[in-house]
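>>> What follows is a predicted protein model with its sequence.
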Amino acid sequence: MLRFVVGPDSTLLGDALVFDVTATLPGRGLWLSARRDVVEMAIKRGVFSKAARKRLIIPERLADRVETVLENRIIELLGLARRAGAAVGGFEKVRERLASGQSALLVAASDGSEAEQARLRGHRQVSVVRPLTAGQLGAVFGRERTVHVSIGPGKLAGMIAVAAGRLAGFRPVEVAQEIATMAESGQREPQPG
């Protein structure tokens, strides 16, 4: 679910609608399913203003903004995990983490090879999300590209999985279905057999 709130700034045209990515802003929340089509339909039908019982100013291209904010949130969480020592990137480091059972979540590049990802995981049970490109993952680790990232057990792994599940609703269906199934429902990806 995505949370929106009425912003503190008011104009003659109405109050501003704000996407609350962390779901912690004060005020009454307006909740929607984390899907692009749902957000676009809510805008078209005036759902936000009806729910708030007042005229709201809806930012232009709200669904695109939500997608960008969710991507940035995942990058921010990965950066926190890296600085805390809970995230490592690169094939060999991730393989070591997986072998020692210290990986709660595998973040794979959306443009990376699925065959290589399967080879890396082997028969290990670990949740996998694919929210960012190799270039975006690499930027977190100060590299040009990073295809595999291991997140250790803890709260950050769960937060990244949830954010990736939300982001999946804003991506093309074929990509979103796999990510949403793994991240939001807590199911693990089927293992090669």
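Here it is on my side, so go on. Residues are numbered from 1 along each chain as shown.

>>> wait, R3 sits on S33?
No - counting by CB atoms under 8 Å, R3 stays clear of S33, with 11.6 Å between them. C-beta coordinates here come from the backbone N, C-alpha and C atoms, glycine included.

>>> OK, contacts around the residue nearest to A52 when sequence neighbours are not counted?
Leaving aside its chain neighbours, A52 sits nearest to V6 (5.4 Å; criterion: CB to CB, 6 or more residues apart in numbering). Listed by CB atoms under 8 Å, 6 or more residues apart in numbering, the contact set of V6 reads D15, A16, L17, V18, G27, R28, L30, A52, K54, L56.

>>> before we move on, what about V38?
L32, G169.

>>> List phi and psi for R3.
When read as degrees, to the nearest 10, the backbone of R3 gives phi -110, psi 130.

>>> Just give me the neighbour total for it.
17 (other CB atoms under 10 Å).

>>> For it, give the beta-bridge partners.
W31 (DSSP bridges).

>>> Now for it: which residues touch it?
R3 neighbours (CB under 8 Å, 6+ apart): F19, D20, A23, L25, G29, L30, W31.

>>> what would the residues you listed look like in CSV with distance to L77?
CSV is the format used below for the contacts of R3 (distance: CB to CB, whole Å):
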residue, distance to L77
F19, 17
D20, 16
A23, 14
L25, 18
G29, 21
L30, 24
W31, 21
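
>>> which of the residues you listed has the most neighbours?
L30 (20 neighbours).
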